[in-house]
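**Student:** Structure of the sequence below:
(4 chains)
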2 protein chains.
Amino acid sequence: MNLRQLRSLCEIVDHGLRISDAAGSLHRSQPSVTRQIQELEKELGVDVFLRRRNRILEITPQGQEILRIARRMLLDADNLQKVGAEFAKVGQGSLVVATTHTQARYTLPNVIRAFKEAYPGVNLSLRQGTPTQCCELVAGNRVDFAICTEVEEKFEGVLQVPCYRLNRSVITPPRHPLLRVKPLTLEAIARYPVITYEQGFSARGIVNKAFADHGLKPNVVLSAIDADVSKTYVHSGMGIAILATIGFDVARDTHLRRIDARHLFKSSRLNIVVRHNNYLRGYALAFMRLFAPRLNKADLEGLLSGRVSASRHPVLPEL
Amino acid sequence: MNLRQLRSLCEIVDHGLRISDAAGSLHRSQPSVTRQIQELEKELGVDVFLRRRNRILEITPQGQEILRIARRMLLDADNLQKVGAEFAKVGQGSLVVATTHTQARYTLPNVIRAFKEAYPGVNLSLRQGTPTQCCELVAGNRVDFAICTEVEEKFEGVLQVPCYRLNRSVITPPRHPLLRVKPLTLEAIARYPVITYEQGFSARGIVNKAFADHGLKPNVVLSAIDADVSKTYVHSGMGIAILATIGFDVARDTHLRRIDARHLFKSSRLNIVVRHNNYLRGYALAFMRLFAPRLNKADLEGLLSGRVSASRHPVLPEL
DNA sequence: CACCGTTACGGTATCCGTAAGGATT
DNA sequence: AATCCTTACGGATACCGTAACGGTG
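**Tutor:** Okay, here's the model as predicted:
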């Protein structure tokens, strides 16, 4: 058995069971890939694919099982490379972090500045998406880790480590009638057109639920994935926004007003999202600790290797 | 990178950093093994071993990290073979279970009888040892799983799944004065010579602690690893024995008497011990369920893959 | 000198790509 | 006809084992 064979297997599956496509992506000739699979099947003594006259129809149950293990092995092969890179050139390499707009724009700038200073040799890049997309990137090992609010779905092999608690605020234009409602109520908010996050963000679910629980139906005039877009429309008078408090920048958003609404909406958790059994280079752990200093290296490695499991309801600092 | 290189690495480490020995065990020439390591080091760009003039002194920290991952990959390679065997010949193959004397002799006979009937094609073998030895066998992937009482030490990658609770009884010859002490007390027991398990069994620790907590010091005249040996000496009048209740066979031990002592000694847990990320063939899971029907296949697989973590204090049936 | 790991070399087995074949839509 | 997987074949490559080499106790 052979890693090449396993790579072929995974690539075929990832390309919708088309050997030719897999071959292209592997930079191999197509017959070569065919043979890898044949030899794997011969050695394990099982059919991995269900064929019908020179055509692959589906993967067998055995194949599924084999695929799962193969993927883990390839991930480990990748990990070995990373270990090599880590020790060959400590502090040099690349780091890819997936995150949402809000975090990229409001939470991470300080972290990134500090990181760049500490690790000038690391090529840092951010991939932006919804929390769900971030988790998918982590699951597929396309990024080193993600920083985003929690996601309901479970992703195979993906671990969410809660770091902070995010509260909500209502953002209004200056002299908005809501500014005089004290304390702020959901009923009051529901009287005005609302701008908030799109489906797919946990915030959206929380906002919806809060209103629904009070038998209210907010008038959502715009869903955005982006706090800046939301604020732009608030400023233009289209409505008020319900955003994470961190999305309001006291220094720059002087043309807007913020009303704390933590008593109205459930807070959500801001997580670091990592892949199980993924080797994280030293500077990746350093980035995480810059983001959440309370994280402890040993704990994190325990979590990653699956030896320890995360406590489900830790006390989290607010951001 | 390839699996041969990783196998060489592990074998070298397992043979005390002697390449020649590793080569022998791998059925390869010694230069071949040397080259595997050189190529691995070249490809990863790290020194795995610290050499000093043609002699390997130790493994580098990088090497340690690499070794960990390599071992996991080789385990997975093994798992792939098992998946193959499983589907090629369902219900044929071999199963190796580590256990202690007491379980082999008193708990497992029924399980094994049922198993043999259900899977006549499986070559079942038992390896006997102390609980600690059983865990070591699991850790080293030398057995499929183990059934034994709990051990204090943590073994890397080894998972203990509690299944039953074991109580203690005092075993005496007929007409022993203790038989008239009701209720039985530790003070009463301490007046007589005691036979119990050797160090290394959780029972020994529990027994010692029970006496110590009452400021008593039992007069242990013999430590055995074996309930049958203990009973033999009880019968010969050497003393009374403190054993797991299951170690008393009402039908056959007519020449002995049993006094329930569950109120005096902490019960201990009887666990199934499995290795993390180990593929268990269908009949291995079947064996476990014959032993502990409350085990659920999906749960077990969840545990094995590390997705779920075991509840630490489940309610257990008594055996 | 016995032992151990590294280097050098020649033969073999493996694996790749090209080309051709058979089946399906 | 176009697409897709499989089989066949020649050449390059990788890998193994033997033998020779250099340190070490």
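**Student:** Which stretches in the stretch 101-250 of chain A count as helices?
**Tutor:** For the stretch 101-250 of chain A, applying DSSP state H, counting those that start in this stretch gives helices covering A:101-102, A:108-118, A:131-139, A:186-189, A:202-213, A:227-235.
**Student:** got JSON lines for those helices, with mean neighbour count too?
**Tutor:** Heads up, the C-betas are built off the backbone N, CA and C, glycines and all. Formatted as JSON lines, these follow (neighbours: other C-beta atoms under 10 Å in any protein chain shown):
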{"stretch": "helix A:101-102", "mean neighbour count": "22"}
{"stretch": "helix A:108-118", "mean neighbour count": "14"}
{"stretch": "helix A:131-139", "mean neighbour count": "22"}
{"stretch": "helix A:186-189", "mean neighbour count": "18"}
{"stretch": "helix A:202-213", "mean neighbour count": "18"}
{"stretch": "helix A:227-235", "mean neighbour count": "19"}
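**Student:** can I get these in a markdown table with mean pLDDT and distance to residue B:242?
**Tutor:** Output for the helices of the stretch 101-250 of chain A, formatted as a markdown table (pLDDT from 0 to 100; distance: least, C-beta to C-beta, whole Å):
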| stretch | mean pLDDT | distance to residue B:242 |
| --- | --- | --- |
| helix A:101-102 | 87 | 64 |
| helix A:108-118 | 88 | 60 |
| helix A:131-139 | 92 | 52 |
| helix A:186-189 | 92 | 66 |
| helix A:202-213 | 88 | 56 |
| helix A:227-235 | 86 | 68 |
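**Student:** With DNA strand D as the reference, name the closest of the ones you listed.
**Tutor:** DNA strand D sits nearest to helix A:131-139 of all those, at 25.1 Å, using C-beta to the nearest atom of the strand.
**Student:** Show residues contacting the closest one.
**Tutor:** Here helix A:131-139 makes contact (C-beta atoms under 8 Å, 6 or more residues apart in numbering or on different chains) with A:98-100, A:127, A:129, A:143, A:145-151, A:153, A:155-158, A:160, A:200-202, A:273-275.
**Student:** what does chain A have sitting close to chain B?
**Tutor:** Counting by C-beta under 8 Å from any C-beta of the partner chain, the residues of chain A close to chain B are A:1-3, A:43-46, A:61-62, A:65-66, A:69-70, A:72-73, A:76-77, A:79-81, A:83-88, A:156-157, A:276-277, A:279, A:306-307, A:309.
**Student:** Contacts for stretch A:95-102 next, please.
**Tutor:** With C-beta under 8 Å, 6+ apart as the contact definition, stretch A:95-102 has outside contacts at A:108, A:122-131, A:133-134, A:137-138, A:142-149, A:201, A:225-228, A:243-244, A:246-247, A:273, A:281, A:283-284, A:287.
**Student:** 6 Å instead?
**Tutor:** Around stretch A:95-102, the neighbours that count as contacts under C-beta atoms under 6 Å, 6 or more residues apart in numbering or on different chains are A:122, A:124-127, A:134, A:137, A:143-144, A:146-148, A:226-227, A:244, A:247, A:284.
**Student:** And these, which of them are buried?
**Tutor:** The neighbour-count test (16 or more other C-beta atoms under 10 Å in any protein chain shown) marks A:122, A:134, A:137, A:143-144, A:146-148, A:226-227, A:244, A:247, A:284 as buried among these.
**Student:** which among the residues you listed gets closest to chain B?
**Tutor:** Set against chain B, the nearest of the buried ones among the contacts of stretch A:95-102 by C-beta to the nearest C-beta is residue A:284 (14.2 Å).
**Student:** thought the closest one was touching residue A:144?
**Tutor:** Yes: here residue A:284 lies in contact with residue A:144, judged by C-beta atoms under 6 Å, at a distance of 5.1 Å.
**Student:** coming back round to it: out of the residues of chain A next to chain B, which are buried?
**Tutor:** Counted by 16+ other C-beta under 10 Å, the residues of chain A next to chain B give A:1, A:3, A:44, A:46, A:62, A:65-66, A:69-70, A:72-73, A:76-77, A:79-80, A:83-87, A:157, A:276-277, A:279, A:306 as buried.
**Student:** contacting residues for residue A:165?
**Tutor:** A:267, A:316, A:318.
**Student:** how about the first one, phi and psi?
**Tutor:** The phi and psi torsions at residue A:267 (degrees, to the nearest 10) take the values phi -80, psi 160.
**Student:** Same question for the last one.
**Tutor:** With angles defined as degrees, to the nearest 10, residue A:318 shows backbone torsions of phi -90, psi 150.
**Student:** who does the closest residue to it other than its chain neighbours bridge with?
**Tutor:** Spatial nearest neighbour of residue A:318, chain neighbours left out: residue A:165 (4.9 Å); criterion: C-beta to C-beta, 6 or more residues apart in numbering or on different chains. Applying DSSP bridges to residue A:165 gives these bridge partners: residue A:269, residue A:318.
**Student:** again, but for the one 4 residues further on
**Tutor:** The residues listed as beta-bridge partners of residue A:169 by DSSP bridges are residue A:243, residue A:260.
**Student:** give me every residue that touches it.
**Tutor:** A:245, A:248, A:258, A:260-261.
**Student:** run the last query once more with 7 Å
**Tutor:** When contacts are counted by C-beta atoms under 7 Å, 6 or more residues apart in numbering or on different chains, residue A:169 touches A:243, A:245, A:248, A:258-261.
**Student:** need the residues of the stretch 1-150 of chain A near DNA strand C, please.
**Tutor:** With C-beta under 7 Å from any atom of the strand as the criterion, the stretch 1-150 of chain A meets DNA strand C at residues A:2, A:4, A:27-32, A:35-36, A:39, A:53-55.
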